[in-house]
Each structure stands twice: as structure tokens, then as C-alpha cells.
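K.L.:
Here is a sequence with its predicted model. Questions after.
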Amino acid sequence: MIKFFRHIRQRMLKENRLSRYFLYAIGEIVLVVIGILIALSINNTNAEEKLRGKELVLLKELRQNLQADLLDIQGNVKGNLVRTRANEMVLEALRNRTPLSDTLKGHYGNVLGNYQLGENTAAWENLKSVGIDLISNDSLRNTISALYSTKYTYLENVEKGLDDRHQWNHVYAQVLEHLNVDAMWVSATPVDHEALMDDRKFREVLKMNLFIRKYMQQQYEMVEGEIRSILAQLDEHIRTLEGRP
């Protein structure tokens, strides 16, 4: 092709057709520029396709991690409700001076216990290593970043710094002193049920535990909602990347 253009130029010069030669030269330059632009466009398209393919792989991995987190936190929500109910029922029984029963023993057996989310962060760490800007959906990128960087971090802080500390420093100490545990999280028998009705420290420890249980319930339900919302956004964005309706 280059040889062909060269022959045309040489013929025009020999025929002294300078004006046409210049027009032809300009046209040739335009064709070369167009060719370069097409090549760049193809390269950019290929590079973009590679990025979106990498994004798709990481987002699918992230989706699996979040599904596991959702199952974990759903267990925390259900279990924490049991602990909350147990503390409420024991406090009510002590306040009303209710006689001991098998049902109440079941509640005594559940006053102790807390939960921690074992979040799966492998995909998030991979995303951070390659750059979270890889996520092409701005809204999705921001919500994912907020979940891992802010909400998971805060939840872990209150689980360990508030809930866990109160459990082991106060609730567990009271359980050891005042209860005979028949089966952990099944049943416990007070050493002296009637004496507990007038034991202010025992009641106050349970009151604080109940407050923490309700607060943790709010946190778990909030994070559960966030995970569900992100999973829905992920599904929609993954369908877009795959070209599915």
C-alpha cells in the first residue's frame, strides 16, 4: 500500500501537478491519522474490556464474601434476640418476685453470651490492592467502601470494646457467683433465687447487659440491611457487566 501511494506521488510530481499533489498529501496524512485513531480506539476498547473482566471476577468474589457475612449476621440477629429475651424475663421475674420454674431456668441459662461478626474480607483486600476505582459504578463503590471501612470497623469496636468487655468482666462473674449452669445456653439454676430478688448488683449488671443487647441488635440489623442492599446493587451491576437484562 505504501509503495502504491509512492508511485502516485512520483507520477504527480513528474506531471507537475503540484496543487493536486498537495491535496493528495493532505489526504494521505488524514488517512494515516484516521488509521492511528482507529488503532488507539481498538487498543482502548481491549484495555477497557480487560478491566471490566477483572472487575467482574472481583465483584463475584465479593458477592460470595458478603453472602457468607449475611448468613453470619443473621445468626447473630437470631441468637442475640434469645439473649435479649432471657435478660428481660429474668429481670421481670426478679422484679415481680416470680417463683422459680423450668421456663425461668431456661432464661437464666441464656443471660450470658454475645456475638461477633466474622466478616470475610478477602475480596475487599484484593480490591484495595488493585484499586477500588476498578469498580465502575460510583454509588456501588462508595457503599462497599463505607461498609468495610466504616460500618464493619465500628461494629467490631463495639463488639469487642463494649459488649465483650461487659460480658467477661461483669456478666460472667455474676453467673459464676450466683448460678449453677446445668447446660450452657439451655438451663441454669440460681444458688438462691429469692436472694437474687434483693441483689442490686446482679440486677444492675443484667440491666446494663440488656441495654447492650438491644444496642447490638440495632447494629446487627442495620448491617444486615446494608449487606442486603449491597448484594442487590451487586447483582444489578454484575448483570450489566455481563450484558444481561
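P.N.:
On my side now, so go ahead. Residues are numbered from 1 along each chain as shown.
K.L.:
where does the chain have low pLDDT?
P.N.:
Scanning the chain for pLDDT under 70 picks out 1-49, 244-245.
K.L.:
Can you list the residue ranges for helices in it?
P.N.:
Applying DSSP state H to the chain gives helices spanning 2-14, 18-96, 102-108, 122-130, 138-146, 152-158, 165-166, 172-178, 193-196, 200-242.
K.L.:
Of those helices, give the one that comes closest to Tyr115.
P.N.:
helix 18-96 (4.1 Å; C-beta to C-beta). To be clear about C-beta, it is placed using only N, CA and C from the backbone, and glycine gets the same treatment.
K.L.:
so which of the helices of the chain comes closest to Val186?
P.N.:
helix 102-108 (6.9 Å).
K.L.:
Comparing the helices of the chain, which stretch has the densest surroundings?
P.N.:
helix 102-108 (a mean of 18; mean count of other C-beta atoms under 10 Å).
K.L.:
tell me what that helix is packed against?
P.N.:
Using 3 or more C-beta pairs under 8 Å, 6 or more residues apart in numbering; DSSP states H and E as the contact test, the elements touching helix 102-108 are helix 18-96, strand 187-190.
K.L.:
Buried residues in the last one, which are they?
P.N.:
Just to be clear, that refers to strand 187-190. Using 16 or more other C-beta atoms under 10 Å as the test for burial, strand 187-190 gives 187-188, 190.
K.L.:
residues in contact with it?
P.N.:
Contact with strand 187-190 is made by 100, 102, 105-106, 108-109, 111, 175, 178-182, 196, as judged by C-beta atoms under 8 Å, 6 or more residues apart in numbering.
K.L.:
and it, which strands flank it?
P.N.:
strand 179-183 (antiparallel) (DSSP bridges).
K.L.:
got the angle between the partner strand and helix 200-242?
P.N.:
With axes from the mean of the first three to the mean of the last three C-alpha atoms, to 10 degrees defining the directions, strand 179-183 sits at 40 degrees from helix 200-242.
K.L.:
mind checking how far strand 179-183 is from the chain centre?
P.N.:
Distance of strand 179-183 from its chain centroid, counting by C-alpha atoms, centre = their mean, to the nearest Å, is 37 Å.
K.L.:
Kindly report the same for stretch 142-154.
P.N.:
Its chain's C-alpha centre and that of stretch 142-154 lie 7 Å apart, by C-alpha atoms, centre = their mean.
K.L.:
tell me how far the ends of it are from each other?
P.N.:
As for stretch 142-154, its first-to-last residue distance stands at 17 Å under the measure C-alpha to C-alpha, to the nearest Å.
K.L.:
can you list the residues that contact that stretch?
P.N.:
By C-beta under 8 Å, 6+ apart, stretch 142-154 touches 62, 117, 119, 121, 124, 127, 132, 135, 219, 222-223, 226-227, 229-230, 233.
K.L.:
if we go to 7 Å?
P.N.:
Residues outside stretch 142-154 that contact it (C-beta atoms under 7 Å, 6 or more residues apart in numbering): 119, 121, 124, 132, 135, 223, 226, 230, 233.
K.L.:
Over to stretch 227-237?
P.N.:
59, 62-63, 66-67, 69-70, 73, 137, 140, 143-144, 147.
K.L.:
Would you mind confirming that Val175 makes contact with Asn110?
P.N.:
No. Using C-beta atoms under 7 Å, Val175 is not in contact with Asn110; the gap is 10.8 Å.
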